[in-house]
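Novice: Please find the sequence and the predicted model below.
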Amino acid sequence: MKTVLVTGANRGIGEELCRQFIDEGFWVIGAGRSEEELEKLKARFNSNHLETVVMDISSIQSIMRATGELRDKTIDILINNAGELSASSKLEDSDPAETMRILNTNFTGSVLVARAFVKQLQKSEDPRIINVSSGMGSRSELGFGYGAYRLSKAALNLLTIQMDQENFAGAKVFSVCPGWVKTRMGGSGASLSVAKGAEGIVWLANSPDAESGKFYRDKHIIPW
């Protein structure tokens, strides 16, 4: 049985990833900042294929505590899903503290989590790291507003390329855009269901043909 670690697991795409991976027969570790919210997650699923770990990806200390709790695990798939959306303002109007927080959560947190779980990933016969990005971080789709969010996802895409070039933890590494999904972040006007948004991520975890170091959406490679 393969093990997948999902950050930001207590709601939205993260919760749906837990659901779909459980259905696929994976052992799922759901990570989140709040122990209370993680207990609610376990209650909603009531599955013996799910465990949870408290991990705030903006805190090195929290990440290291979680790594210690999971030190004996083999992690086959790490999904850097946790993130947050910035205000819609242009960079020149953005709040500096918010910009630092968004970059810390959406980019730096993913770097630190991946680095912390290198040993657990190296135990796997087919380790994979999936960075949940966005088309808003693609050079070909750059547009107006949400400057800090766009920068954080562009940096996450570069992280994917660098990890692939370095053969990080011996893993296949992917960026993925789930699309505009009906979550608290995406809003009710989004075009995709949360199930559809998670589908492509689960596919990357399973597909023998997915090419490492690439950016995917709808199971197809898209431009950086």
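Specialist: Nice, I can see it.
Novice: Let me know the helix or strand that residue 103 is in.
Specialist: Per DSSP states H and E, residue 103 falls inside helix 96-103.
Novice: Run through the neighbouring helices and strands of that helix.
Specialist: If contacts are counted by 3 or more C-beta pairs under 8 Å, 6 or more residues apart in numbering; DSSP states H and E, helix 96-103 sits against helix 147-166. (Glycine included, C-beta is placed from N, CA and C.)
Novice: The helix it packs on: which residues count as buried?
Specialist: By 16 or more other C-beta atoms under 10 Å, the buried positions in helix 147-166 come out as 147-157, 159-160, 163-164.
Novice: cool, stretch 40-55 as well?
Specialist: 41, 45, 49, 50, 51, 52, 53, 54, 55.
Novice: Excluding chain neighbours, what is closest to the last one?
Specialist: In this case it means residue 55. Leaving aside its chain neighbours, residue 55 sits nearest to residue 66 (3.8 Å; criterion: C-beta to C-beta, 6 or more residues apart in numbering).
Novice: and residue 130, that one's in a strand?
Specialist: Yes: judged by DSSP: H, G, I helix; E, B strand; the rest coil, residue 130 forms part of a strand.
Novice: Check the contact between it and residue 75; I expect there is one.
Specialist: No: applying C-beta atoms under 8 Å as the test, residue 130 and residue 75 come out as separate, 12.0 Å apart.
Novice: quick one: which of those two has more around it?
Specialist: More crowded of residue 130 and residue 75, by other C-beta atoms under 10 Å: residue 130, with 27 against 24.
Novice: Pull up the gap between that one and residue 76, please.
Specialist: In this view, residue 130 and residue 76 are 11 Å apart by C-beta to C-beta, to the nearest Å.
Novice: Could you look up the next helix or strand downstream of the lowest-mean-pLDDT helix or strand in the chain?
Specialist: When each helix and strand of the chain is scored by mean pLDDT, DSSP states H and E, helix 96-103 comes last, with a mean of 91. Per DSSP H and E, the first helix or strand lying C-terminal to helix 96-103 is helix 109-116.
Novice: re earlier: now the least confident helix or strand of the chain and helix 147-166, what's the angle there?
Specialist: Helix 96-103 runs at 30 degrees relative to helix 147-166, counting by axes from the mean of the first three to the mean of the last three C-alpha atoms, to 10 degrees.
Novice: what angle do helix 96-103 and helix 109-116 make?
Specialist: Relative orientation of helix 96-103 and helix 109-116, computed by the same axes, to 10 degrees: 40 degrees.
Novice: low-scoring stretches of the chain, by residue?
Specialist: The chain contains residues with pLDDT under 70 at 143-144, 180-192.
Novice: ranges for the helices of it?
Specialist: With helices called from DSSP state H, the chain shows them at 12-23, 35-45, 60-69, 96-103, 109-116, 118-122, 147-166, 194-206.
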